[in-house]
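Colleague: structure of the sequence below:
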Amino acid sequence: MRFFVVILLTLCLATNNALAEHEVDHRYTVRGYILDAQEKALADQEVQAYDGASLLARARTDSAGFYSMHLHLHNEDKGKEIRLRTRSGEADIRISFDPADDTTQRVHDANIVGGKLVEGSLNRFRIPSWFYPLAGFFAIGFILVMLEKRRRKKLRHNPSMSGTGKARSVRRGRKKKSRRH
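Modeller: Numbers count the residues shown, from 1 in each chain. Okay, here's the model as predicted:
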């Protein structure tokens, strides 16, 4: 009996919470930021998604103005218009995804900035995407220069590592012999 209970508890703990949610092909995530006209975050704003007169989902923004909500949609809902409502404005978004792809998460980035819809990922820090690899190359270059400086400093303090002079001949096994006449 104990063995059965241990197995049952193990199975319960091993199951993933995602099994409780709908499959990917029934879940559509709408997410984004709600910002004022000066692009400052509007915290604790309610965002509602409507299909006609029926409420599909609601969410609240966090301190950064970010919200995320899951809608239960089917493949037949592709192309449908959903209305997002907030205190700062309303916007219509069109549901778009590949109905044949039932493994990729279906996500729609819908931001409302100054009461107007801005679709797509919103870079809150206004850093261009090409900056990140460039900064990575500079960081690697800086690290390599610092390592080379450190190596040269060690060589100056320990001449036996440099491979010159008396230490070099000893290292190669050529000992100087004194000549006697």
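Colleague: for stretch 97-109, which positions count as buried?
Modeller: Neighbour counts over stretch 97-109 (16 or more other Cβ atoms under 10 Å) mark 97, 106, 108 as buried. No exception for glycine: its C-beta is placed from N, CA and C like everyone else's.
Colleague: those in strands, which ones?
Modeller: His108 (DSSP state E).
Colleague: please enumerate the strands of this protein.
Modeller: Under DSSP E, the chain gives strands at 27-35, 46-51, 54-60, 66-72, 81-85, 90-94, 107-113, 116-119.
Colleague: thinking again about what came up before, save the buried residues of stretch 97-109 as a markdown table, and put in pLDDT too.
Modeller: As requested, the buried residues of stretch 97-109 are exported to a markdown table (pLDDT from 0 to 100):
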| residue | pLDDT |
| --- | --- |
| Phe97 | 83 |
| Arg106 | 85 |
| His108 | 86 |
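Colleague: before we move on, back to that, from the strands of the chain, which stretch is densest packed?
Modeller: Mean neighbour counts were compared across these using mean count of other Cβ atoms under 10 Å; the top stretch is strand 27-35, at a mean of 22.
Colleague: OK, contacts around Ser96?
Modeller: Ser96 makes contact with 78-79, 108 under the criterion Cβ atoms under 8 Å, 6 or more residues apart in numbering.
Colleague: looking at those residues, which is nearest Arg31?
Modeller: Taking Cβ to Cβ as the measure, Arg31 lies nearest His108 of the contacts of Ser96, at 7.5 Å.
Colleague: quick check: closest non-adjacent residue to that closest one.
Modeller: Val30 (5.0 Å; Cβ to Cβ, 6 or more residues apart in numbering).
Colleague: contacts for stretch 48-57, please.
Modeller: Counting by Cβ under 8 Å, 6+ apart, residues outside stretch 48-57 touching it are 30, 58, 69-72, 80, 82-86.
Colleague: check stretch 65-83 too.
Modeller: Contacts for stretch 65-83 (Cβ under 8 Å, 6+ apart): 21-22, 25-35, 40-43, 45, 47, 49-51, 56-61, 90-97, 99, 106.
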